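Asks: Output the structure for:
(one chain, ligands or ions: 1)
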Amino acid sequence: MARILLGVSGGIAAYKALELVRLATAAGHAVRVIQTPTSRRFVGEASFAALTGAPVLVSEFERDPARGAYPGDPAPAHDPISHLELVANADAFLIAPATANTIAKLVGGFADNLLCSAALAARCPLLLAPAMNDRMYEHPATRANLATLAARGVVMIAPGEGRLASAGEEGVGRLAEPPALLAACEAALADRAAAVRRPPQPDASAERNGAHDTPGRARAASDPLDGTHGTLAGARVLVTAGGTREPIDSVRFVGNSSSGRMGYALAQAAIERGADVTLVSANVALPAPGAAHLREVRTAAELKRACEAEFPACDVLLMAAAVADFTPAAAAAEKLKKADRGSLELVLEPTADVLSGLSAQRHAGQTLVGFAAEHGRDAARTARGKLSAKGLDALVVNDISRSDIGFDSAENEVTILSAHGNGEVAERHVARTTKTEVAEAILDTVEGLRGRG
Ligand code: CTP
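Replies: Sure thing, here's the model as predicted:
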């Protein structure tokens, strides 16, 4: 059970925040709500109060009858300064919906309403779920504001695409659905719990800049201004994530169990280091980092087209997607019927190796990182051949014979091979940890390789 502080700003999507509260409380979390004055024009406090079982706060000047306590917790004997107390007791602070106006105010550090004051005072993970008209979302001011907040360590929950509030309008800007909002909150809480459990890792950060002793994500959360001049500021990073699906017929496919978590963790970590990230995402059911330029693909051929379009302009390629090596030679346009069939034989033909193709067109200054899924203890040795065969700067190897790490798991344990000219290969082992921290270690290696070039 966690204490979740929900900030609701003034957009039509505020109604979805009610469903989020219902899901969060049903999952056992204690929720308190702060509303902006404008949000009350869309949903009243009474609804949130009824669902959370706690008073809703709007203004710094009203007293909190619960004195900053969350449902299930005893109220303190003294009467604290409400906005500081409520956020000080939170395990996570989610602002959903976050309007363009609230986002801009957070960038500027404004404290002209209780929600913004609480955000300034927050030391717990801060998550933002933007929701607005698509033209407002695509405006360079909003894009820049989101990138700034992401670089400060704010977790972005990307809006969806589809019908918008104005009649007949479609585009990007719909608030992410309540289950995705809750999943993002729970992921941030799990990351935070893992960071607290784990002792500091001086080697990883010392390699990066010699100054910090905690991983990048924890650093960003504890010092919200640190990421604005991140170590990858200005770098254009292309990340592929997820697993491709090769159609057999209109509903069936040949796929793999990649969840996309490793690629998404890399995208988020690169954003937090100040990079401009393009995320080519294949069939991933996770909320994408809001500051990434998202390109959704389904098949290996679509992933190849998207990568070929994005690769020439990128400085770093992180090829984490599990790309199908074979695809059905012919996909049926309609659903195949089982009647009249004793068995079904599929003829598979090889797909192009996307990474090798990109590597063949690389230009000076680009850093290419591949991922290799290998079986057994000799995984790293087997993978060395791939490093040179695919013309890569680094290869992240994981042992897929283990079910507790890697594919479809929240954790990973990898060996990072990096090429250091005249055939020298350095090997770095990253012991089992969260994919967020594996991402930090991979980016440390990338920065080392870029610094050398
Ligand atoms: N990859 C790719 N295109 C493919 C297959 C793989 O770009 N058609 C990329 C993956 O994204 C990964 C790397 O190549 O970064 C290594 O993938 P892996 O499956 O381990 O290697 P393969 O070259 O496919 O070799 P094999 O499956 O035979 O071990």
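
Asks: and stretch 250-269, how far apart are its ends?
Replies: Terminal residues of stretch 250-269 lie 36 Å apart, using CA to CA, to the nearest Å.

Asks: and what of stretch 86-96?
Replies: Stretch 86-96: ends 17 Å apart by CA to CA.

Asks: How about stretch 354-372?
Replies: Start to finish, the residues bounding stretch 354-372 are 14 Å apart (CA to CA).

Asks: For that stretch, buried residues please.
Replies: Across stretch 354-372, burial judged by 16 or more other CB atoms under 10 Å covers Val354, Leu355, Leu358, Ser359, Arg362, Gln366, Thr367, Leu368, Val369, Gly370, Phe371, Ala372. No exception for glycine: its C-beta is placed from N, CA and C like everyone else's.

Asks: ok, the residues you listed vs Val107, which is closest?
Replies: Nearest to Val107 out of these is Thr367 (CB to CB; 29.9 Å).

Asks: re earlier: close to the ligand as well: tell me which of the buried residues of stretch 354-372 qualify.
Replies: Among these, proximity to the ligand is found for Val354, Leu355, Gly370, Phe371, Ala372 (CB under 6 Å from any ligand atom).

Asks: Secondary structure and pLDDT added to those residues, as TSV?
Replies: What follows is these, written out as TSV (DSSP: H, G, I helix; E, B strand; the rest coil; pLDDT from 0 to 100):
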residue	secondary structure	pLDDT
Val354	helix	98
Leu355	helix	97
Gly370	strand	97
Phe371	strand	96
Ala372	strand	94
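
Asks: Just name the closest of these to Asn89, please.
Replies: Phe371 (40.4 Å).

Asks: Okay, and the beta partners of that closest one?
Replies: Counting by DSSP bridges, Phe371 is bridged to Val396.

Asks: Enumerate every residue touching it.
Replies: Residues near Phe371 by CB atoms under 8 Å, 6 or more residues apart in numbering: Met262, Met319, Ala320, Leu395, Val396, Val397, Asn398.

Asks: Selecting buried members of the residues you listed in ChimeraX, what would you type?
Replies: Remark: buried members of those, expressed as a ChimeraX selection using 16+ other CB under 10 Å:
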select :262,319,320,395,396,397,398
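
Asks: Just put the contacts of Phe371 in TSV and tack on pLDDT and distance to Gly448.
Replies: As requested, these are arranged in TSV below (pLDDT from 0 to 100; distance: CB to CB, whole Å):
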residue	pLDDT	distance to Gly448
Met262	95	20
Met319	98	18
Ala320	98	19
Leu395	96	15
Val396	96	14
Val397	93	17
Asn398	87	20
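
Asks: Could you single out the nearest of the contacts of Phe371 to the ligand?
Replies: Met319 (3.7 Å; CB to the nearest ligand atom).

Asks: isn't that closest one right next to Val354, touching?
Replies: Yes - with contact defined as CB atoms under 8 Å, Met319 reaches Val354; the gap is 7.5 Å.

Asks: For the stretch 151-300 of the chain, which segments count as helices?
Replies: With DSSP state H, counting those that start in this stretch as the criterion, the stretch 151-300 of the chain has helices at 178-197, 202-209, 216-222, 261-272, 300-310.

Asks: what's the most distant pair in the buried residues of stretch 354-372?
Replies: Largest pairwise distance in the buried residues of stretch 354-372, by CB to CB, is 19.4 Å, between Gln366 and Ala372.

Asks: which residues touch stretch 392-408?
Replies: For stretch 392-408, the surrounding residues in contact (CB under 8 Å, 6+ apart) are 256-259, 320, 322, 355, 359, 367-377, 379-380, 383, 386-387, 409, 411-419, 432, 438, 442, 445-446, 449.

Asks: Counting only strands, which of these make the cut?
Replies: Among the contacts of stretch 392-408, the members falling in strands (DSSP state E) are 367-374, 411-419, 432.

Asks: Neighbours of Lys390, how many?
Replies: 19 (other CB atoms under 10 Å).

Asks: mind listing what it touches?
Replies: For Lys390, the contact set (CB under 8 Å, 6+ apart) comprises Asp353, Leu355, Ser356, Ser359, Leu368, Gly370.

Asks: ok, 10 Å please
Replies: Going by CB atoms under 10 Å, 6 or more residues apart in numbering, Lys390 touches Met319, Asp353, Leu355, Ser356, Gly357, Leu358, Ser359, Ala360, Leu368, Gly370, Ala372.

Asks: can you put those in JSON lines and add distance to Arg305?
Replies: Below are the contacts of Lys390 laid out as JSON lines (distance: CB to CB, whole Å):
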{"residue": "Met319", "distance to Arg305": "15"}
{"residue": "Asp353", "distance to Arg305": "15"}
{"residue": "Leu355", "distance to Arg305": "15"}
{"residue": "Ser356", "distance to Arg305": "16"}
{"residue": "Gly357", "distance to Arg305": "11"}
{"residue": "Leu358", "distance to Arg305": "12"}
{"residue": "Ser359", "distance to Arg305": "17"}
{"residue": "Ala360", "distance to Arg305": "16"}
{"residue": "Leu368", "distance to Arg305": "18"}
{"residue": "Gly370", "distance to Arg305": "19"}
{"residue": "Ala372", "distance to Arg305": "23"}
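
Asks: what's the farthest-apart pair in those?
Replies: Ala360 and Ala372 (18.4 Å).

Asks: With Glu302 as the reference, measure out to the nearest residue to Val251 once chain neighbours are set aside.
Replies: Nearest residue to Val251, sequence neighbours excluded (CB to CB, 6 or more residues apart in numbering): Lys335, at 5.2 Å. In this view, Lys335 and Glu302 are 21 Å apart by CB to CB, to the nearest Å.

Asks: Show me which of the buried residues of stretch 354-372 is closest to Val31.
Replies: Nearest member of the buried residues of stretch 354-372 to Val31, counting by CB to CB, is Phe371, at 38.0 Å.

Asks: Quick check: the gap between the closest one and Ala300.
Replies: Per CB to CB, Phe371 is found 15 Å from Ala300.

Asks: Distance check, Val172 against the ligand.
Replies: Going from Val172 to the ligand by CB to the nearest ligand atom, to the nearest Å gives 27 Å.

Asks: Spit out the contact partners of that residue.
Replies: Applying CB under 10 Å, 6+ apart to Val172 gives the contacts 130, 132-135, 137-138, 158-162, 164, 294.

Asks: can you rerun that using 8 Å?
Replies: Contacts here follow CB under 8 Å, 6+ apart; on that basis Val172 touches Asp134, Tyr137, Glu138, Pro159, Gly160, Glu161.
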